[in-house]
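**Q** here are the coordinates; sequence isn't available:
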């Protein structure tokens, strides 16, 4: 048991190495203030960032839905990962998974070293895959990973989407209104390749986009 | 040079020639002009390669056309000592009536096999009408601009010379190669200019065409140009890379040698392989700005000729459920760049920016249809959808046109209680009311809890460092377990026993005479893996040399004496010790 306690203490020390610039209450205050001042796009971005840090915070989700209506955008999409991350905070899941993994591994080694530990062999063999599964699940549902490629159009009036990274090509694939969430694909100079909500691909000037998960901190 | 030597050289030279049998037979057909007027004639040239004889029908039955075979010629070609023979068969086509005629593949009998040419299409216009723009104009320009028998050249064919900013102008890049030239042609031509954009060229099937009486193979690429500014725009040459086998100069002496035999050097015997860049002729376009007069306020940016259709589904929905209004704009024009149609009188509906999809009918995205899907949610109960209006500019009539679709009858309950996500998106939680009193900011007092870092714990260096440290400890523990477990392995145990036997045998050499018998007996017991008390019985059952058996029997006897006799062991003499050691050495080996 002492080993487990020491492990838990060690893992707890690994917690936030890079704190967010704004605390969650500050982000929430910012979102509500911007929304009441009529800065809907910025308020939606603050809501998205808040939800990336705490996917289970329903008021932020409701406020984001309301802003989408005011911007005439489709309702914000949620998937099973958001719902799962609301139930299982990813960081805590990662700590639990790590504890399970090492408990299982060291338990197996102990049963091999000493016959006296033989009765713990089965639990030890169960802990190992459970720990691995918890770590993998944590990685899959963490919005900071799952939504790391999400960005929002923050250019007032929206942004044109081009089929190639050049304004020389007068054709535009579409025009996306500001506040629209897009999926980042790649970057080339001033241009960012994105996937539109309807699945089409195109290029947008990078100045028109703001990543949901701040790039310098992710 | 004397005559026999010349004959030998000629025979050796001819021996280098490879017959045409290695070539597969191929038949192609080409029209001298893709369009003619009623009463005029064109030619169809059927070229059959890899054969010396071929039969084709004397006439072809195509209603409205009179097609008669009137010419036949054989050609013997040699490219770098590779001999090919081909036959050209010429039909004369006379048009009796106007229309578009499909000339079916022409069957060619050659070498007991029947092969078919490619089908052809001929356009016949009334005698008074001008020939269609693109192809015939190009043929005239080709004929006028190229020299007789030029081995290769390029041509740019524009569908029009005057267009509007943003209008899509279909064009064709053509590269002509005289049919006796071999080689490889690049993937696609390169055209770079200012003031216009160009669709990626799409290659059309290779065809044959007669220009100035010469048969040419034509590689053509369909593309479309779109001008980005008004004024005169220069279209520079489009370059296509190719590696060609061009007729080369005859080495000195060969011409004289062939002349002495009464002939001349066969055409194509000597060729040069050359990398060439074939260019089309530069051209210019006159680009006009879109007129401001008569431009509708909701002009979509579409330029071309279009039609519009609209459908709605489902036709009956409950409160908050969306209706999809699907508007399809089809025709020819700038499908990719045009904007969406406008919904009219849509105050009672909540709508979102439409989804778009384009289905094209050609490689240059000029002809096709664009479908817009509007998601409509009724704010209050509605009995019909909004009307749809779409404005575009028609370059043919130089005027703006507006298409309108009347509303479609539906039954939609008002309200937002069950607003769903758009197709392809997951449904979300109920949308909160927009009233200030229900604002989440007011409703929520407790600050949210959650992650305190943008960096996921799983990729945090400290977390990963601890995992690595634990992994290192686990590796050490694993090594320890492995070390403990390895002594249990049969192989390891056998090797350890063998090493112990070697050590005990080596130790016998330095053992004193007093202790020798006990040490030797123990060694023997370990060798046979029996107890010392059982050695006597084992000794009799083991196959041994008689001398060795006697020596070992003496050793066992001495050991039993020392074990049971009160007088102890007799001292062993050096001779007996040597005998015993020799016997043990044999056993050890």
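**A** Cool, got the structure. No experiment lies behind these values; they were computed from the predicted model shown. Numbers count the residues shown, from 1 in each chain, chains lettered A, B, ... in the order given.

**Q** for residue B:461, phi and psi?
**A** Residue B:461 adopts backbone torsions of phi -60, psi -40, taken as degrees, to the nearest 10.

**Q** same thing with residue B:156?
**A** Main-chain torsions, residue B:156, degrees, to the nearest 10: phi -110, psi 120.

**Q** what about the strands in chain A?
**A** A:150-153, A:159-161, A:174-176, A:181-188, A:191-195, A:201-205, A:209-211 (DSSP state E).

**Q** mind checking how far the residue nearest the centre of chain B is from chain A?
**A** By Cα atoms, centre = their mean, chain B has its centre lying nearest to residue B:187, at 13.7 Å. Residue B:187 is 19 Å from chain A, where distance means Cβ to the nearest Cβ, to the nearest Å. Every residue, glycine included, has its C-beta placed from N, CA and C.

**Q** For that residue, what is the enclosing helix or strand?
**A** For residue B:187, there is no host helix or strand (DSSP states H and E).

**Q** Could you report the neighbour count for the residue lying closest to residue B:271 once chain neighbours are set aside?
**A** Of all residues not flanking residue B:271 in the chain, residue B:245 sits nearest, at 4.4 Å (Cβ to Cβ, 6 or more residues apart in numbering or on different chains). By the criterion of other Cβ atoms under 10 Å in any protein chain shown, residue B:245 has 18 neighbours.

**Q** who does residue B:245 bridge with?
**A** Using DSSP bridges, the beta-bridge partners of residue B:245 come out as residue B:182, residue B:273.

**Q** Which parts of chain A are helices?
**A** If DSSP state H is used as the criterion, the helices of chain A fall at A:2-13, A:24-36, A:40-53, A:58-70, A:80-87, A:90-113, A:121-141, A:143-146.

**Q** same check, this time on the stretch 1-150 of chain B
**A** Shown for the stretch 1-150 of chain B, the helices assigned by DSSP state H, counting those that start in this stretch span residues B:3-16, B:133-145.

**Q** Just give me the lowest mean pLDDT stretch among those helices.
**A** Lowest mean pLDDT within the helices of the stretch 1-150 of chain B: helix B:133-145, a mean of 41.

**Q** so where's chain A shaky on pLDDT?
**A** By pLDDT under 70, the low-scoring segments of chain A are A:1-22, A:167-171, A:215-218.

**Q** Relative to chain B, which residue of it is the closest?
**A** Nearest to chain B in chain A, going by Cβ to the nearest Cβ, is residue A:54, at a distance of 2.6 Å.

**Q** Surely that residue is in contact with residue A:24?
**A** Yes - in this structure, residue A:54 is within contact of residue A:24 by Cβ atoms under 8 Å, at 6.2 Å.

**Q** Tell me where the model's unsure across the stretch 351-500 of chain B.
**A** For the stretch 351-500 of chain B (pLDDT under 70), the answer is B:415-452.

**Q** which phi and psi does the residue of chain A closest to chain B have?
**A** Torsion angles at residue A:54 (phi, psi; degrees, to the nearest 10) stand at phi -140, psi 80.

**Q** Could you check how far residue B:259 is from residue B:250?
**A** Per Cβ to Cβ, to the nearest Å, residue B:259 is found 11 Å from residue B:250.

**Q** cool, residue B:545 as well?
**A** Distance, residue B:545 to residue B:250, using Cβ to Cβ: 95 Å.

**Q** now do residue B:217
**A** As defined by Cβ to Cβ, residue B:217 lies at a distance of 25 Å from residue B:250.

**Q** now residue B:354
**A** 70 Å.

**Q** From what I see, residue A:112 and residue B:481 are in contact.
**A** Yes - Residue A:112 is within contact range of residue B:481, at 4.7 Å (criterion: Cβ under 8 Å).

**Q** These two: which is more packed in?
**A** Shown here are residue A:112 and residue B:481; by other Cβ under 10 Å, residue A:112 has more neighbours (19 against 16).

**Q** wait, what's in contact with the more buried one?
**A** Listed by Cβ atoms under 8 Å, 6 or more residues apart in numbering or on different chains, the contact set of residue A:112 reads B:481, B:484, B:485.

**Q** Which element, helix or strand, includes the last one?
**A** When secondary structure is defined by DSSP H and E, residue B:485 falls within helix B:461-486.

**Q** Please work out which residues outside the following helix or strand past that helix touch it.
**A** As assigned by DSSP H and E, the chain's next helix or strand after helix B:461-486 is helix B:490-508. The contact list for helix B:490-508 (Cβ under 8 Å, 6+ apart) reads B:486-487, B:516, B:519-520, B:522-523, B:526-527, B:581, B:584-585, B:588.

**Q** Walk me through the domains of chain B.
**A** Domain assignment of chain B by automatic domain parsing yields the ranges B:1-130, B:132-289, B:293-412, B:490-588.

**Q** Chain A too?
**A** A:24-76, A:87-143, A:150-211.

**Q** Quick one: end-to-end length of the second one, please.
**A** Which is domain A:87-143. 13 Å (Cα to Cα, to the nearest Å).

**Q** can you tell me how far residue A:101 sits from residue A:144?
**A** Relative to residue A:144, residue A:101 is positioned 21 Å away (Cβ to Cβ).

**Q** again but with residue B:40, I slipped
**A** Using Cβ to Cβ, we find residue B:40 at a distance of 74 Å from residue A:144.

**Q** neighbour count winner among those two?
**A** More crowded of residue B:40 and residue A:144, by other Cβ under 10 Å: residue A:144, with 24 against 15.

**Q** Nearest spatial neighbour of the more buried one, chain-adjacent residues omitted?
**A** Residue A:144's closest residue in space is residue B:456 (Cβ to Cβ, 6+ apart), at 4.9 Å.

**Q** picking that back up, including distance to residue B:255, could the domains of chain A go into a markdown table?
**A** As requested, those are exported to a markdown table (distance: least, Cβ to Cβ, whole Å):
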| stretch | distance to residue B:255 |
| --- | --- |
| domain A:24-76 | 80 |
| domain A:87-143 | 79 |
| domain A:150-211 | 55 |
